[in-house]
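Asker: Attaching a predicted model along with its sequence, questions to come.
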Amino acid sequence: MPVTDGPPLTGPGVAAGVGRTALLVAAARAVETHRPDALARDPFAEHFVRAAPAAAGWPVHPDQVPDGDADPLWGHLGRYFGLRTRVLDDHLLRGTAAGLRQVVLLGAGLDTRAHRLDWPPGCTVHEIDTAEVLRFKQSVLDRTRATPKADRRPLAADLRGDWAEALCATATATGFDPAAPTAWLAEGLLLYLPAPAERALVAAVHRLSAPGSTLAYEIKYLTESHRTRAGPVYTEARRRLGIDLLALFDPDPRPDSAAELATLGWTVTEHTPYTFTDLHGRGPRPQPDDVLAANRWVFATKAGAPDVPAHQGG
C-alpha cells in the first residue's frame, strides 16, 4: 500500500480523551492484522498509529509485543478488539447479504470498514464521528491513497447531541433514507456516553429504522469490582498509553437499552465476548478479575421484513 511522504499529523481529535482510545483500537487492529491466526485484518490501522505523535512507540506488529498474549494491553485487550472487529464485520456483512444496503457507523472512529470489507454493489456506509477524528482519518486515508469499496459518506456530528437531525437534514448530501432498512453499529461508543445520550441514541435509531433494520452495540452492564478496576489492563493503559479508561467511562448506572428495544418490538440477543472466542477457537480467554467479564455485545433486529427495492438487491 503506497504512502505519500509527509510529516506526522498532529491529529488533535485523537490526541486525548475518547479520541485517543481510537488510536488504541487502531494499534490493536494493526497487531491483530499481522498475526498468523488473525481474526480480522485492517491494512490501514498501522498508518493511523504511525501518523499520530500521541501514539509514538506503540506496537503495530506482534513482534513488538514481547509478552505476546500475556501482555495485558496488546494481548488480552488487543485480542478482544480483534475479536470484536471480526464479529461486528460478520454481523454487517450478513445484513447486507440479506439485502440491507444502508449502513450507519455511530462513532466510526478510525475503523475502515468502508475500505476493507467486500460490500455488495449499491452499499452506502455512513460514518458519524467528530469533525476532528474524521479530519485526521481522511488525512491518513489520503496519504495511503485508499479507495472505499462502498459509497462512503462521513458526517461530522456530536453523538451526545442531535446527530439524527444532522443525518436527516443533509439527506440529499448523505443519501440517508429512513424508509430503507439500515444496519446500525455502535462499536466502542455507549461505554462513554452519558445515560441520557444513550437513551436518546436508541430512541433515534428506533425512529429512523425501517422494518428489518439491525443494531449492534457494546456495553458494560455490571459494576466492576475494585480488584478489577485496579488490575493491569486499566493501570497499564494509564501508565503506558496515557489513557484513563475508567475516567472516560460514564460512571452513572446504565440504561437497559436491550430491554427498551425489546419493548419497542425489536428481537434482541446478548452475548459475552467469550461466546465468540469459543466459536472461532481463538481470542481472549477469561482471567481472574477480568475487565471483559462485564462486557456484553447486543444484537437487535426491528420487527418486519425489510422492504428492499429491486435495484438494491445486489
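Answerer: Noted; the coordinates are in hand.

Asker: Give me the distance from the longest helix along the chain to the chain's centre.
Answerer: If you go by DSSP state H, the chain has its longest helix at helix 78-97. In terms of Cα atoms, centre = their mean, to the nearest Å, the centre of helix 78-97 is set 9 Å apart from its chain centre.

Asker: and if you look at stretch 45-62?
Answerer: For stretch 45-62, the distance to the chain centre is 18 Å (Cα atoms, centre = their mean).

Asker: ok, how many other residues are close to residue 223?
Answerer: When neighbours are counted by other Cβ atoms under 10 Å, residue 223 registers 11. Backbone N, C-alpha and C define where each C-beta goes, glycine included.

Asker: Quick check: nearest residue in space to residue 85, chain neighbours excluded?
Answerer: The shortest distance from residue 85 to any non-neighbouring residue, by Cβ to Cβ, 6 or more residues apart in numbering, is to residue 40 (4.0 Å).

Asker: is it true that the one you found lies in a helix?
Answerer: No: read with DSSP: H, G, I helix; E, B strand; the rest coil, residue 40 is coil and lies in no helix.

Asker: which residues touch it?
Answerer: 29, 32, 33, 82, 85, 86, 89 (Cβ atoms under 8 Å, 6 or more residues apart in numbering).

Asker: returning to that earlier point: got the buried residues for the longest helix of the chain?
Answerer: Applying a neighbour-count criterion of 16 or more other Cβ atoms under 10 Å, one finds 78-89, 92-93, 95-96 buried in helix 78-97.

Asker: Average pLDDT for it, rounded please.
Answerer: For helix 78-97, mean pLDDT is 97.

Asker: repeat for stretch 303-312
Answerer: 51.

Asker: does residue 212 really touch residue 267, like I thought?
Answerer: No: checked against Cβ atoms under 8 Å, the pair residue 212 and residue 267 is beyond contact range at 11.0 Å.

Asker: anything in contact with each of those two?
Answerer: Counting by Cβ under 8 Å, 6+ apart, the residues touching both residue 212 and residue 267 are residue 301.

Asker: out of those two, which sits in the more crowded spot?
Answerer: residue 212 (21 against 12).

Asker: Checking that one next. Helix, strand or coil?
Answerer: Per three-state DSSP, residue 212 ends up coil.

Asker: quick one, phi psi at it?
Answerer: In terms of degrees, to the nearest 10, the main-chain angles of residue 212 are phi 90, psi -10.

Asker: Distance of the residue nearest to residue 85 relative to residue 299?
Answerer: Distance of residue 40 to residue 299, given as Cβ to Cβ, to the nearest Å: 18 Å.

Asker: Quick one: the helices in the stretch 101-250 of the chain, in order.
Answerer: 113-116, 131-144, 163-169, 171-174, 195-207, 226-229, 232-236, 245-248 (DSSP state H, counting those that start in this stretch).

Asker: Low-confidence regions, the stretch 101-250 of the chain specifically.
Answerer: For the stretch 101-250 of the chain, the stretches with pLDDT under 70 are 170-174.

Asker: Repeat the analysis, applying 80 as the threshold.
Answerer: 169-175, 222 (pLDDT under 80).

Asker: center of this protein, which residue is that?
Answerer: residue 187 (3.0 Å; Cα atoms, centre = their mean).

Asker: returning to what we had before: and which of the buried residues of helix 78-97 is nearest to residue 126?
Answerer: residue 92 (12.3 Å; Cβ to Cβ).
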